[in-house]
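Chemist: I would like the atomic coordinates for the input below:
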Amino acid sequence: MRWVVTGGLGFIGSNFIRIALRERPDLEIVNLDAMTYAGNPANLRDIEPARRYRFVHGDIADPAAVREALGDGADAIVNFAAETHVDRSILDPEAFLKTDILGTHVLLEAVREQKIARFLQVSTDEVYGHVAEGESKEDDNLRPRSPYSASKAGGDLQVLAYHTTFGTPVIITRGSNTYGPYQYPEKLIPLFITNLIDDQTVPVYGDGMQIRDWLHVEDHAHGIMHVLEQGELGEIYNIGGGNGRTNLEITEKLMHGCGRDIKTHVRHVADREGHDRRYAIDTAKARALGWKPRVAFESGLPATIQWYRENEAWWRPLKSGEFGEYYKRQYAHR
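Modeler: Below you'll find the predicted structure:
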């Protein structure tokens, strides 16, 4: 069995590859990654290139790179490749259009040409937009409110259109906010942990009462793999942790876990433009398929703090150079 995984040097993709190779001994994986700032080879340094794993440096928006990764064909393509950070999408929307929409189109064309049996699009709960109450279901209208979520929604709509028009064998998963090892430190949890380890303040947007549902990366990876193997073609599956928390609650837990005082280590900054107040998704469809999250938030968050404490050699190089310039551009004026 052979899968092509795109964006496999990123946070969720690298965890997916590690788990899939460990749990599927007959599986070969080709990892196609453009190695942008968040595509870190160190994420898979423990996986030696061998018979079951091969890396291809390339962009999903480049048909030649996609053809090289596919080679003689594959049983499935799992598309993690995406620009993902909302704040960066506000600063540079065009990069998100290229990867999340054009790149998805190139992959769908490759699926048609090579008759790949399954294409799984990894998407996000942010395509549903702000959810004032209740939980978003897979057939709800899409109401993206940021350049990032709009680009992901555009990719999803292409995927579904290809299924309707050409019969392309597609599936979509929409995950909630994911946390855990190997997450680039621009996102809330790794940014706050690493700042607090260094006795620095953390930037809390607005009043900090925005609500997100948190999902451990291992549960997310298992959910994607389960849907890839068991899901029905043409369908969408929400994958969430069922851990709705305000950003301020997360901040307080991280302060406690890192031994810092919230009074001295929080800096409230101007809220993000168009910031969605709440996300929440209904995961009954994925659960009916046989998946459920296994990592309790009460144990997963402390374990994540400990991982960053024990892996400073992984994250410290990331918080210099490009990240330093981004951080200054993002927060200096706020």
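Chemist: and residue 37, how many neighbours?
Modeler: A count of nearby residues for residue 37, using other CB atoms under 10 Å, gives 14. Heads up, the C-betas are built off the backbone N, CA and C, glycines and all.
Chemist: try residue 303
Modeler: The local packing of residue 303 (other CB under 10 Å) involves 13 other residues.
Chemist: tell me which element residue 252 falls in.
Modeler: Remark: residue 252 resides in helix 247-258, with elements defined by DSSP states H and E.
Chemist: wait, residue 146 sits on residue 90?
Modeler: Yes. Under the criterion of CB atoms under 8 Å, residue 146 lies in contact with residue 90, with a separation of 6.9 Å.
Chemist: Looking at those two, which is more packed in?
Modeler: Using other CB under 10 Å, the more surrounded residue of residue 146 and residue 90 is residue 146, with 21 against 16.
Chemist: how near is the more buried one to residue 50?
Modeler: From residue 146 over to residue 50 the distance is 40 Å, taken as CB to CB, to the nearest Å.
Chemist: cool, residue 184 as well?
Modeler: Here the distance between residue 184 and residue 50 works out to 26 Å (CB to CB).
Chemist: What separation do you get for residue 5 and residue 279?
Modeler: According to CB to CB, residue 5 stands 26 Å off from residue 279.
Chemist: Those two - which one has more neighbours?
Modeler: Neighbours were counted for residue 5 and for residue 279 using other CB under 10 Å; residue 5 has more, 27 against 22.
Chemist: The more buried one belongs to a helix?
Modeler: No. Counting by DSSP: H, G, I helix; E, B strand; the rest coil, residue 5 is not found in a helix; it is strand.
Chemist: residue contacts, it?
Modeler: The contact partners of residue 5, by CB atoms under 8 Å, 6 or more residues apart in numbering, come to 13, 16-17, 20, 29-32, 77-78, 80.
Chemist: Recalculate using a threshold of 10 Å.
Modeler: By CB atoms under 10 Å, 6 or more residues apart in numbering, the residues touching residue 5 are 13-14, 16-17, 20, 29-33, 53, 69, 74, 76-81, 120, 122.
Chemist: For it, give its distance to residue 75.
Modeler: Distance of residue 5 to residue 75, computed by CB to CB: 12 Å.
Chemist: Then residue 148?
Modeler: Using CB to CB, one obtains 30 Å as the distance from residue 148 to residue 75.
Chemist: Could I get the contacting residues of residue 138?
Modeler: Under the criterion of CB under 10 Å, 6+ apart, the neighbours of residue 138 are 128, 172-174, 235-238, 281-286.
Chemist: Only the buried subset of the residues you listed, as a PyMOL command please.
Modeler: Applying 16 or more other CB atoms under 10 Å to the contacts of residue 138, the buried members can be selected in PyMOL as follows:
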select buried, resi 128+172+173+174+235+236+237+238+281+283+285+286
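Chemist: The nearest residue to residue 179 once chain neighbours are set aside and residue 211: what is the separation?
Modeler: Once flanking residues are discounted, residue 179 sits nearest to residue 189: 4.6 Å by CB to CB, 6 or more residues apart in numbering. Distance, residue 189 to residue 211, using CB to CB: 15 Å.
Chemist: higher neighbour count, these two?
Modeler: More neighbours sit around residue 189 than around the other of residue 189 and residue 211, counting by other CB under 10 Å; the figures are 22 against 16.
Chemist: Confirm that that one sits in a helix.
Modeler: Yes. According to three-state DSSP, the state of residue 189 is that of a helix.
Chemist: Distance of it relative to residue 157?
Modeler: Between residue 189 and residue 157 the computed distance is 30 Å (CB to CB).
Chemist: now residue 70
Modeler: Noted for residue 70: a distance of 24 Å to residue 157, by CB to CB.
Chemist: what does residue 97 give?
Modeler: 13 Å.
Chemist: quick one, which of the two is more surrounded?
Modeler: When neighbours are counted by other CB under 10 Å, residue 97 comes out ahead of the other of residue 97 and residue 157, with 18 against 14.
Chemist: Please give me every residue in contact with the more buried one.
Modeler: 61, 83, 89, 103, 147, 150-151, 154-155.
Chemist: mind redoing it with 7 Å?
Modeler: residue 151 (CB atoms under 7 Å, 6 or more residues apart in numbering).
Chemist: now swap in residue 30 and tell me
Modeler: Residue 30 makes contact with 4, 54, 56, 69, according to CB under 7 Å, 6+ apart.
Chemist: Max pairwise distance over the residues you listed: which two?
Modeler: Comparing all pairs in the contacts of residue 30 by CB to CB, the longest separation belongs to 4 and 54, at 9.7 Å.
Chemist: Please compute how far the helix-or-strand element of the chain with minimal mean pLDDT lies from its chain's middle.
Modeler: Sorting the helices and strands of the chain by mean pLDDT, DSSP states H and E puts helix 322-331 at the bottom, at a mean of 84. Chain-centre distance of helix 322-331: 21 Å, with CA atoms, centre = their mean, to the nearest Å.
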